[in-house]
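Novice: Below is the structure, and that's it, no one-letter string:
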């Protein structure tokens with residue numbers, strides 16, 4: 001995933017350089033320049049990230065069920081198209097939340113946290129999995145909030161370990177969320 005992000009980021013950087021006529025690393029360059037190619041590469045990078053997150057969730061669910069994780073079998077048991085549709089819906093709703101003064105975006109991200117788990121584990125559709133996640137978290141707000149704080153703390157510890165800790169922190173965070 002990291003290699004794919006670097007390639008897409010490089011294409012995005014080249015597009016920004018060509019559209020503004022200056023390098024993104026130039027001191028006088030704008031903080032962010034909107035380019036169609038750059039935006040498409042960023043969007044593709046987010047979608048690829050959701051597919052990898054789906055693999056992490058599948059692995060955590062397999063671990064929970066006592067099944068040994070194999071990437072080939074995990075990929076065959078994930079329906080990529082519904083995952084991409086779900087990711088698109090979550091992106092759009094989060095963007096609208098940020099447009100509506102940031103707090104609604106964080107509320108929606110919190111309420112839809114388990115939507116990918118529902119989709120992969122129970123083979124639900126994108127909208128049904130979002131609604132199931134909202135229902136679950138609404139019924140158990142306290143437990144869900146503590147789980148979210150725990151996952152954030154695990155990821156922060158992974159980043160503090162010079163980002164190498166993320167190799168361990170991300171799977172541990174997914175397993176913690178799955179057990180919750």
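Specialist: The structure has been received and is ready for your questions. Because the structure is a prediction, the values reported are computed rather than measured.
Novice: SS state for the nearest residue to residue 169 once chain neighbours are set aside?
Specialist: Nearest non-adjacent residue to residue 169, counting by C-beta to C-beta, 6 or more residues apart in numbering: residue 158, 2.7 Å away. Bear in mind the C-beta positions are built from the backbone N, C-alpha and C, glycine included. Using DSSP: H, G, I helix; E, B strand; the rest coil, the structure places residue 158 in helix.
Novice: Surely residue 158 touches residue 165?
Specialist: Yes - under the criterion of C-beta atoms under 8 Å, residue 158 makes contact with residue 165 at 3.7 Å.
Novice: Now do the helices in this protein.
Specialist: 2-20, 36-65, 71-76, 80-99, 103-111, 115-122, 126-139, 141-160, 166-179 (DSSP state H).
Novice: Now the weakest link among the ones you listed, please, by mean pLDDT.
Specialist: If the helices of the chain are sorted by mean pLDDT, helix 2-20 sits at the bottom with a mean of 58.
Novice: Turn the helices of the chain into TSV, including mean neighbour count.
Specialist: Formatted as TSV, the helices of the chain follow (neighbours: other C-beta atoms under 10 Å):
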stretch	mean neighbour count
helix 2-20	15
helix 36-65	17
helix 71-76	12
helix 80-99	15
helix 103-111	15
helix 115-122	22
helix 126-139	17
helix 141-160	14
helix 166-179	17
